[in-house]
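1. Here is the input, now give the coordinates:
(one chain, ligands or ions: 1)
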Amino acid sequence: MARQAGIGMVLCRSFSISAAAGNLCDKIGFIGAGNMAKAIMGGMIRNGVQRAHNVMVYDVSTDQMDACCKAFPGIRKAESLHNLLMDADIVLLGVKPQNVEAVLKPLKAEVEKMGPLRTDTVLASIIAGVPLHAFQKYTGMENIVRAMPNTPVTVEQGCTVWCSTRDLPKEKKELISKLFSAIGDEIYMEDERFLDMATAISGSGPAYVFLTMEAMIDSGVHMGFPRHIAERLVMNTLLGTCLYAIQSGEHVSKLRNDITSPGGTTASAIYNLEKGGFRTTVSDAVWAAYRRSLELGGMDSNVGPGRNNTLPTFWQKDMRDDTA
Ligand SMILES: O=C(O)[C@@H]1CCC=N1
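-> A predicted model of the protein is given here:
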């Protein structure tokens, strides 16, 4: 029931956002002006969670910064990393994992030069794999948030899983929650270890769905459909199926069985998918993403089916949802 209530929130978002809206007041500084940063900025500004003039951006690429300022009139370009760190109450770190070193080093140098940042500044990272303690070590800051959004945040239908350092004040948690709820569903997990798992499911998940879409569209074209019709069929099928699953509240297996008539077309298709190892292929892919996220964070990643540790070592009874 809790699961359905949580999922239902995505659907009701557009209704609840306006009620929950209200300017954060705290100034937000974005380090990195890439797609995810722009998506978060856009959702926040459009939904009135933050006013453009309270948003600033810093990127090593002036072109990226200019594009951002053009897309969201009113936001400010930070003259330097130093200025952004001095001014922002929430610093959102949104660079690609491969650029993390290039950002953390100057950040560390700035902090060393300036002395510790204001103690109430929150550093919120959306970088895959990098753990909370790494940011604490680099910046000496206490208030750190680690979040994993996904690309549907661009259309305010994302799913952001996040955690924080233990002593992040309640009012800061509420601010962060408001920020992420402007771009879709947001789920706070107290235990950071769920972040690597979320990265494998919801963070990378849209790519698995896009690949499935490509395969279905190409099959439609192979059978003879014009591509634009095949795309329309596939996209509406995926969209409708998700909404149906959410709104019906039924277990997805039941909904699948409902379409699978004796001796019918769906049964033939399912037989072939299972013969091709569909479920274990998907499962192996998710485990591979999970291992990669652990690796990026410098953790033991020898986990998963057929590995030394078939389950993560931290997996304890208290983390299991036996009702699932
Ligand atoms: O693959 C990546 O680097 C990121 C992490 C989550 C989605 N994409």
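2. first vs last residue of stretch 181-191, how far apart are they?
-> In stretch 181-191, first residue to last residue: 20 Å (Cα to Cα, to the nearest Å).
3. Check which residues of that stretch are buried.
-> Buried positions in stretch 181-191, judged by neighbour count with 16 or more other Cβ atoms under 10 Å: 181-187, 189. Quick note: C-beta positions are derived from backbone N, CA and C, even for glycine.
4. Now the two most distant members of those.
-> Farthest-apart pair in these is Ala182 and Met189; separation 19.3 Å (Cβ to Cβ).
5. returning to that earlier point: just the buried residues of stretch 181-191: which are in strands?
-> Among those, DSSP state E puts 184-187 in strands.
6. In which helix or strand does the residue nearest to Ser261 when sequence neighbours are not counted reside?
-> Spatial nearest neighbour of Ser261, excluding adjacent residues (Cβ to Cβ, 6 or more residues apart in numbering): Ala267 at 7.2 Å. Secondary structure from DSSP states H and E places Ala267 in helix 265-275.
7. I'd like the average pLDDT over that helix.
-> Mean pLDDT, computed over helix 265-275, is 98.
8. Kindly provide the distance from the residue nearest to Ser261 to the ligand.
-> The span separating Ala267 from the ligand equals 35 Å under the rule Cβ to the nearest ligand atom, to the nearest Å.
9. my guess is that residue contacts Ile259, does it?
-> No - look at Ala267 against Ile259 with Cβ atoms under 8 Å: they stay out of range, at 9.5 Å.
10. In terms of distance to Val234, which of the ones in strands among the buried residues of stretch 181-191 ranks first?
-> Nearest to Val234 among those, with distances taken as Cβ to Cβ, is Gly184, at 22.1 Å.
11. which residues does that closest one bridge with?
-> On DSSP bridges, the residues paired with Gly184 through beta bridges are Gly158.
12. repeat for Arg76
-> Met56.
13. Check what pLDDT the residue nearest the centre of the chain gets.
-> By Cα atoms, centre = their mean, the chain has its centre lying nearest to Pro149, at 1.3 Å. Note for Pro149: predicted pLDDT of 97.
14. Please apply the same query to the one 10 residues further on.
-> At Cys159, the model reports a pLDDT of 97.
15. my guess is it meets Ser202, correct?
-> Yes - under the criterion of Cβ under 8 Å, Cys159 makes contact with Ser202 at 4.5 Å.
16. Common neighbours of the two, please.
-> Asn150 (Cβ atoms under 8 Å, 6 or more residues apart in numbering).
17. These two: who's more crowded?
-> Each of Cys159 and Ser202 has its neighbours counted (other Cβ atoms under 10 Å); Cys159 has more, 23 against 20.
18. ok, the more buried one to Ala33 distance?
-> From Cys159 across to Ala33, the span is 22 Å (Cβ to Cβ, to the nearest Å).
19. Helix, strand, or coil at Gly29?
-> strand (DSSP: H, G, I helix; E, B strand; the rest coil).
20. Share the number of residues neighbouring Asn308, please.
-> With neighbours defined by other Cβ under 10 Å, the count for Asn308 comes to 9.
21. From what I see, it and Asn302 are in contact.
-> Yes - contact criterion Cβ under 8 Å: Asn308 and Asn302 qualify, at 4.6 Å.
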